[in-house]
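Asks: return atomic coordinates for the entry below.
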Amino acid sequence: MDSFEVNKILGAILFTCLVLLALNIAAGALFTPEPPKKPGYEIAVQEEPGAATAAAPATEQPIEQALASADPKRGQQSTKACQTCHTFEKGGPNKIGPNLWDVVGRKKGTEGGFAYSDAIKSKGGEWTVDDLNKFLTNPRGYAPGTKMSFAGMQRENQRADVIAYLNSLSDNPKPLPTAAPSGEEKPKAGGETTPKQDQAAPADKAKPPGQAQSQAPGPAQPQGTSPGQSEAPKPGSSPEPAPGQKSE
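Replies: Now for the predicted structure:
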């Protein structure tokens, strides 16, 4: 096969590739869909008439109630991921984060040898149970600008376990707050009930003896005669003669 035949074959192959490329470009120009103005897909949802509005997320119980069933051992297991940045033993060194021995009740930003962020220094006060609960829930929400990159613990029971464990890291652990009593009165022993104070009093109260309920009218008193006035004659008796008159 001479070179002329080879050139014809190569030219045919090249021409075919050019035709395919031109068709591809033309098809792309003709059938390219228009890009959406807003990324994503819009899904039309038909709302049913009278449908109830979405309920608000359930509020969590106070941390004091969760602390009643908290377990420091479970809290220690939950803090294993924190050992990369913190130490928990007494006199332990600071790492990326400060040492957490005796942290409950400690003033914020006072661990020696650690460079705290201005966000923590500006908080002031001590690390109370309530502050630790808020910080563990969302560190950046509690102290915007903090250096801590921890996302937070969303489960309240887990936070209560961690707080109980941190409280145990002390020579003198502080008493954890307890939930307030419900205020309901307990029944007395034997099933007796306390009488109500607002019961109506009897309509008629007995009066003490010796006090008359009503005064009866006394006997009629005879009327006395004035001097010089004779009494009326009694039936069957003869009238007395006047002075100077003889009697019959």
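
Asks: where do the helices of the chain begin and end?
Replies: With DSSP state H as the criterion, the chain has helices at 3-31, 63-67, 72-78, 118-121, 129-137, 139-142, 156-168.

Asks: closest one to residue 178 among these?
Replies: Residue 178 sits nearest to helix 63-67 of all the helices of the chain, at 5.8 Å, using Cβ to Cβ. C-beta coordinates here come from the backbone N, C-alpha and C atoms, glycine included.

Asks: elements contacting the closest one?
Replies: Applying 3 or more Cβ pairs under 8 Å, 6 or more residues apart in numbering; DSSP states H and E, we find helix 63-67 packed against helix 129-137, helix 156-168.

Asks: so which of these is nearest residue 86?
Replies: Nearest to residue 86, of all the helices and strands packed on helix 63-67, is helix 156-168, at 10.3 Å by Cβ to Cβ.

Asks: just the CA atoms of the closest one, as PDB, please.
Replies: Extracted as PDB, the C-alpha positions of helix 156-168 are listed here (Å, rounded to 0.1, in the frame of the first residue of the first chain):
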ATOM      1  CA  GLU A 156     -29.900  16.600  78.100                       C
ATOM      2  CA  ASN A 157     -29.300  13.300  80.000                       C
ATOM      3  CA  GLN A 158     -25.800  13.200  78.500                       C
ATOM      4  CA  ARG A 159     -25.100  16.700  79.600                       C
ATOM      5  CA  ALA A 160     -26.300  15.900  83.100                       C
ATOM      6  CA  ASP A 161     -24.000  12.900  83.200                       C
ATOM      7  CA  VAL A 162     -21.000  15.000  82.100                       C
ATOM      8  CA  ILE A 163     -21.800  17.700  84.700                       C
ATOM      9  CA  ALA A 164     -22.100  15.100  87.400                       C
ATOM     10  CA  TYR A 165     -18.700  13.700  86.400                       C
ATOM     11  CA  LEU A 166     -17.000  17.100  86.300                       C
ATOM     12  CA  ASN A 167     -18.500  17.900  89.700                       C
ATOM     13  CA  SER A 168     -16.800  14.700  91.100                       C
END
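
Asks: make JSON lines out of the helices and strands packed on helix 63-67 and add mean pLDDT.
Replies: Below are these laid out as JSON lines (pLDDT from 0 to 100):
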{"stretch": "helix 129-137", "mean pLDDT": "93"}
{"stretch": "helix 156-168", "mean pLDDT": "94"}
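
Asks: related to what we said a few turns ago, comparing the helices of the chain, which comes out most buried?
Replies: Scoring these by mean neighbour count under mean count of other Cβ atoms under 10 Å gives helix 156-168 as the most buried, with a mean of 22.

Asks: run through this protein and note the low-pLDDT ranges.
Replies: 1, 36, 38-61, 180-248 (pLDDT under 70).

Asks: thinking again about what came up before, can you list the helices of the chain in TSV and add distance to residue 86?
Replies: Shown next, in TSV, are those (distance: least, Cβ to Cβ, whole Å):
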stretch	distance to residue 86
helix 3-31	57
helix 63-67	21
helix 72-78	13
helix 118-121	14
helix 129-137	13
helix 139-142	13
helix 156-168	10
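
Asks: identify the residues contacting the residue lying closest to residue 165 once chain neighbours are set aside.
Replies: Leaving out its chain neighbours, the residue that sits closest to residue 165 by Cβ to Cβ, 6 or more residues apart in numbering is residue 75, at 3.0 Å. Residues in contact with residue 75 (Cβ atoms under 8 Å, 6 or more residues apart in numbering) are 158, 160, 161, 162, 163, 164, 165, 166.
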